[in-house]
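Peer 1: please work out how this folds:
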Amino acid sequence: MQNLPVELQLQIASFLDVDTIFSLRKTCTSVSQFTYDRSLWLSLLSQIPHVFPRPLSESDIAKLSSLQLEHLIKTAVHVEQAWLLPRKDSFLVKDRYDSDDVENSIPRIRHLAFVFGHYLLALGSEGKINLWKISDVFAPFATEVVVTYASSTWYPCAYHLNAAGSVLAIVLTHTELIAARVLTISLDPGSSSGSGSPRLVTQGEFSLFPPQVIRAIDADLELALLSNTVSSFDVVNWRTKTQATVALRANDPGDLWNGITAMRICGPYILVFRMHTIEAYPLPAHITSGVGERSDTLPQLIFRFPHTMTYRRVSLTRNTCIDDDESEIYALSALANDLFHGIFHFHVKLTVRPSSLLSVSPLGFRPMAITSPQFITAPLPEDFPPPHPAAFGAIPDTRTFVSVWALGDHGRRGVWVARSRTSTNRSVVAFTNPENVSNTIGEGQVWSTDSLQTNDNLERPRLINGQVVHDLPLRDDITVCAVSETTGRIALGSWAGSITII
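Peer 2: Predicted coordinates:
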């Protein structure tokens with residue numbers, strides 16, 4: 001092979017997998033040289049797009065050096081191969097609080113989130129914020145605190161990373177619920193070396209009026225979304241202090257409770273996730289410049305779940321956007337756990353142009369009990385208890401109690417933590433969307449009650465094939481978790497305040 005022209009060597013190497021190329025690199029100096037060629041890694045990149053959590057644009061690839069491109073592909077292949085495998089090692093990032101009264105207090109960790117894969121953000125219930133830098137997946141595991149904040153009068157309640165990935169905004173609420181404070185952390189999204197140390201800056205404060213509760217913020221628009229009463233919510237611009245109240249759609253007769261579980265700004269709309277519905281409200285025009293300045297009048301939009309839901313929390317991915325001369329479309333996916341229906345994964349598509357439309361499609365479903373193997377489209381782990389019968393009309397069996405769940409930023413990978421009534425362990429269950437399921441799904445499948453109950457695989461949502469990847473003692477009461485799709489790491493936060501990465 002050494003005597004072949006470089007062009008032929010590259011052509012032959014393009015048919016090899018990543019591990020074989022690295023093995024080839026170790027044979028001799030002359031052969032090793034062409035394995036660093038950028039064109040080889042670009043060829044490999046085009047052959048394995050499925051291993052990446054999101055499609056890479058040409059501009060993304062152009063910014064990468066040959067070594068960065070090689071590392072990106074190597075990491076993606078490693079994560080794809082190892083994601084559903086058992087994880088024996090766990091790494092303690094933060095120990096539990098020393099207080100003896102943790103059993104009678106609220107959970108010590110409110111939010112966990114990976115940022116770019118090499119940062120981990122933790123928001124504590126006692127006014128504490130920590131940002132750790134995490135070592136590369138191919139290096140010995142290590143963490144370093146790069147930002148820390150503590151206050152006895154302010155506690156963090158929401159965060160948001162801006163679209164450029166350069167600013168992480170965190171909002172805190174005063175203990176007396178009279179004001180909110182906004183902090184920002186400046187980041188370098190293109191560097192994992194820590195060459196630019198993150199900086200924490202106070203951006204300002206705005207007033208709160210009970211019963212206002214901060215549900216979400218947007219770092220790009222400098223907006224906070226606050227649930228107010230059962231009939232309205234508020235939008236606040238923390239820079240200009242401008243505020244607007246938006247009336248919620250009235251509940252239908254028979255809706256016992258249709259409370260807000262999550263909120264998110266998508267372009268000119270505010271998405272409101274409620275127990276029985278998902279609703280889209282036009283962003284008030286005077287709140288922010290640019291987004292609200294439209295020549296057309298946008299309507300309110302609503303989607304109603306076809307069956308009664310009882311979920312209280314939902315994990316959302318980052319928004320995707322298509323905005324060109326012909327269309328303006330925003331999308332994201334969500335993961336939730338319903339007490340009666342089980343884990344369900346769905347895709348939300350908000351079309352602004354050419355005509356306003358809100359559509360919701362099921363991506364996957366994991367019921368609580370399955371008794372008949374012909375209903376299963378993918379094998380389930382033997383040590384994971386069967387789910388609830390509601391979706392398939394099965395006979396009730398051992399219940400599974402799901403405590404927390406999370407999606408990665410792009411929705412291709414996710415986890416939940418569960419235990420069965422007879423088990424002495426908690427199981428961390430990981431899953432991956434198939435290659436043909438993505439966040440750009442259209443309206444090919446309509447979510448309906450019949451589609452959840454039918455035995456026809458063409459109509460029924462895909463069964464989520466969760467795999468147990470780690471077991472925890474029952475005493476470790478996991479109350480929050482996070483997923484890094486770029487590194488394959490899973491962070492688990494306990495009631496007592498400990499944080500573990502597996």
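Peer 1: how close does residue 31 sit to residue 4?
Peer 2: According to C-beta to C-beta, to the nearest Å, residue 31 and residue 4 sit 10 Å apart. For glycine as for every other residue, the C-beta is placed from the backbone atoms N, C-alpha and C.
Peer 1: swap that for residue 361, please
Peer 2: Per C-beta to C-beta, residue 361 is found 50 Å from residue 4.
Peer 1: before we move on, what about residue 225?
Peer 2: Between residue 225 and residue 4 the distance is 61 Å, computed by C-beta to C-beta.
Peer 1: what about these two, which has more around it?
Peer 2: residue 225 (24 against 12; other C-beta atoms under 10 Å).
Peer 1: what about that one, which helix or strand?
Peer 2: Using DSSP states H and E, residue 225 sits within strand 223-229.
Peer 1: again with residue 417
Peer 2: Take DSSP H and E as the rule and residue 417 turns out to sit in strand 413-420.
Peer 1: outside of the following helix or strand past that strand itself, list whatever touches it.
Peer 2: Note on strand 413-420: by DSSP H and E, the next helix or strand toward the C-terminus is strand 425-432. By C-beta atoms under 8 Å, 6 or more residues apart in numbering, the list of residues contacting strand 425-432 from outside reads 83-84, 87, 364, 383-384, 403, 412-419, 464-474, 476, 478, 481, 490, 492, 502.
Peer 1: partners of strand 425-432, with directions?
Peer 2: Strand 425-432 has these partner strands in its sheet, going by DSSP bridges: strand 413-420 (antiparallel), strand 467-473 (antiparallel).
Peer 1: show the average pLDDT along the first one.
Peer 2: Strand 413-420 comes out with an average pLDDT of 92.
Peer 1: next: stretch 272-281.
Peer 2: With pLDDT averaged residue by residue, stretch 272-281 scores 93.
Peer 1: got it, and stretch 463-481?
Peer 2: Predicted confidence along stretch 463-481 averages 90 (mean pLDDT).
Peer 1: mind listing what's buried along that stretch?
Peer 2: Neighbour-count burial for stretch 463-481, counted by 16 or more other C-beta atoms under 10 Å, picks out 463-472, 476-481.
Peer 1: follow-up on the earlier one: how far away from the center of its chain is the strand holding residue 417?
Peer 2: Going by C-alpha atoms, centre = their mean, to the nearest Å, the spacing between the C-alpha centre of strand 413-420 and its chain's C-alpha centre is 14 Å.
Peer 1: for stretch 221-229, same thing?
Peer 2: 21 Å.
Peer 1: what of stretch 204-220?
Peer 2: In terms of C-alpha atoms, centre = their mean, the gap separating the centre of stretch 204-220 from the centre of its chain is 22 Å.
Peer 1: ok, residues contacting that stretch?
Peer 2: Defining contact as C-beta under 8 Å, 6+ apart, one finds that stretch 204-220 is touched by 157-163, 167-169, 171, 173-174, 177-182, 184, 223-229, 233-234, 236, 238-239, 241, 243, 260, 262-265.
Peer 1: check stretch 262-270 too.
Peer 2: Contacts with stretch 262-270, where a contact means C-beta under 8 Å, 6+ apart, come from 215-216, 218, 221, 223, 225, 227, 233, 235, 246, 271-273, 280-283, 291-292, 294, 298, 301, 313-314, 316, 319, 321, 323, 328, 330, 332, 334, 350, 352.
Peer 1: try 6 Å
Peer 2: 215-216, 218, 225, 271-273, 280-281, 283, 291, 314, 319, 330, 350, 352 (C-beta atoms under 6 Å, 6 or more residues apart in numbering).
Peer 1: any idea which of those is closest to residue 8?
Peer 2: Looking at those and their distance to residue 8, the nearest is residue 319, at 44.9 Å (C-beta to C-beta).
Peer 1: still on that earlier bit, partner strands of the helix or strand following the strand holding residue 225, with direction?
Peer 2: On the C-terminal side of strand 223-229, the nearest following helix or strand under DSSP H and E is strand 232-237. Here strand 232-237 has these sheet partners by DSSP bridges: strand 223-229 (antiparallel), strand 243-247 (antiparallel).
Peer 1: most packed of the ones you listed?
Peer 2: When neighbours are counted by mean count of other C-beta atoms under 10 Å, the highest per-stretch mean among these falls to strand 223-229, a mean of 21.
Peer 1: CA atoms only: put it into PDB for me.
Peer 2: Below are the C-alpha coordinates for strand 223-229, written out as PDB (Å, rounded to 0.1, in the frame of the first residue of the first chain):
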ATOM      1  CA  LEU A 223     -37.200  38.100  28.300                       C
ATOM      2  CA  ALA A 224     -38.600  36.200  31.200                       C
ATOM      3  CA  LEU A 225     -41.900  34.200  31.100                       C
ATOM      4  CA  LEU A 226     -43.900  34.100  34.300                       C
ATOM      5  CA  SER A 227     -47.000  32.100  35.100                       C
ATOM      6  CA  ASN A 228     -49.400  34.400  36.900                       C
ATOM      7  CA  THR A 229     -52.900  33.000  37.600                       C
END
